[in-house]
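>>> Kindly generate the corresponding structure for this input.
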Amino acid sequence: MFDFAAARRMMVDGQVRTSDVTDQRIIAAMLGLARERFVPAQNAALAYLDLDVAVTAAAPMRRLLKPMVLAKLIQAAEIGPQDRVLDVGCATGYSTALLAGLAQRVIGLEEDPSLAATARGNLAAVGVEVVTGPLPNGWLAGAPYDVILLNGAAEVVPERLLQQLADGGRLVGVVGRLPATKATRYVATAGKVSPVPVFDATAPALPGFAEAPAFVF
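Reported below is the predicted structural model:
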């Protein structure tokens, strides 16, 4: 029988701690959360590998981010216990559950109704709100947010999401086009937003954030 608890410890020790993730709250949250519960049963044995793991056969590009990338993004967001967080592209709710242990309020946003329903079931015991709508639009009803997490890659700057940040708010995600994608932190200060590259990273593309094709004569 597969030892998921041992795999979870190996994931944290071999992928997260070794990647300069020093926030003990994140480490504790990842050690305590059964990642295999958030992927289909046939992918459970892959849940703790250094992979973006598919969460549904119907939408193969929708995946849980690699543990290292997710942990470093969350650490870069510097989430405080009083923060309001929007988790964009929450899929089946793994990242949302991690965030719920760090912040005062977390909203998971998912545009796929089937994934949103799965996330609600997975998060029922956590008391996290999961809403459904287009990812690039964010969730204005809950704004402003202290932190917005992009659960995937965006080829374009997510302008509408940045507009939903509180003063001092942070948006973190993987931004750019391959091969020049970077985990980036945006900080809103007095109506202006400043981007800072944090580390090199790749992630599956989130729907709605592709760069429009250039018109060629």
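>>> CA only for contacts and neighbour counts going forward, please
OK.
>>> For stretch 84-98, give the mean pLDDT please.
Averaging pLDDT along stretch 84-98 gives 97.
>>> Mind telling me which residue is nearest the centre of the chain?
What sits nearest the mean C-alpha location of the chain, by Cα atoms, centre = their mean, is N151, with 3.2 Å.
>>> and it, that one's in a strand?
Yes - assignment of N151 by DSSP: H, G, I helix; E, B strand; the rest coil places it within a strand.
>>> how close does the residue nearest to it when sequence neighbours are not counted sit to E111?
Ranked by Cα to Cα, 6 or more residues apart in numbering and with sequence neighbours excluded, the top spatial neighbour of N151 is G89, at 5.3 Å. Separation of G89 from E111 (Cα to Cα, to the nearest Å): 7 Å.
>>> More neighbours: the two, which one.
G89 (31 against 19; other Cα atoms under 10 Å).
>>> In contact with that one, which residues?
Going by Cα atoms under 8 Å, 6 or more residues apart in numbering, G89 touches G108, L109, E110, E111, L135, L150, N151, G152, L206.
>>> what residues do G89 and E111 have in common as contacts?
L135.
>>> V126 contacts L99, correct?
No - contact criterion Cα atoms under 8 Å: V126 and L99 do not qualify, at 10.7 Å.
>>> which one of the two has more residues nearby?
Legend: neighbour count by other Cα under 10 Å for V126 and L99, higher for L99 (25 against 13).
>>> Check what contacts the helix or strand hosting that one and list those residues.
Element membership for L99 (DSSP states H and E) is helix 94-100. The contact list for helix 94-100 (Cα under 8 Å, 6+ apart) reads 26, 29-30, 33, 35, 38, 64, 70, 85, 87, 90, 106-108, 123, 126, 128, 151.
>>> From the residues you listed, which land in helices?
Judged by DSSP state H, helices contain the following of the contacts of helix 94-100: I26, A29, M30, L70.
>>> In this protein, where is pLDDT below threshold?
Low-confidence segments of the chain (pLDDT under 70): 213-217.
>>> All the helices of it, residue numbers only.
Using DSSP H, helices in the chain cover 4-11, 24-32, 67-77, 94-100, 113-122, 159-162.
>>> What helices and strands are in contact with the longest one?
Pointing back at helix 67-77 there. helix 24-32, strand 145-154, strand 165-175, strand 182-189 (3 or more Cα pairs under 8 Å, 6 or more residues apart in numbering; DSSP states H and E).
>>> Rebuild those as JSON lines, extending it with distance to E211.
Formatted as JSON lines, those follow (distance: least, Cα to Cα, whole Å):
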{"stretch": "helix 24-32", "distance to E211": "32"}
{"stretch": "strand 145-154", "distance to E211": "8"}
{"stretch": "strand 165-175", "distance to E211": "11"}
{"stretch": "strand 182-189", "distance to E211": "16"}
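>>> any idea which of those is most buried?
Ranked by mean neighbour count under mean count of other Cα atoms under 10 Å, those are led by strand 145-154, which reaches a mean of 26.
>>> what helices or strands is that strand leaning on?
Against strand 145-154 (3+ Cα pairs under 8 Å, 6+ apart) you get helix 67-77, strand 84-88, strand 165-175.
>>> could these be laid out in CSV, adding distance to R185?
Compiled in CSV, the helices and strands packed on strand 145-154 are given as follows (distance: least, Cα to Cα, whole Å):
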stretch, distance to R185
helix 67-77, 7
strand 84-88, 14
strand 165-175, 5
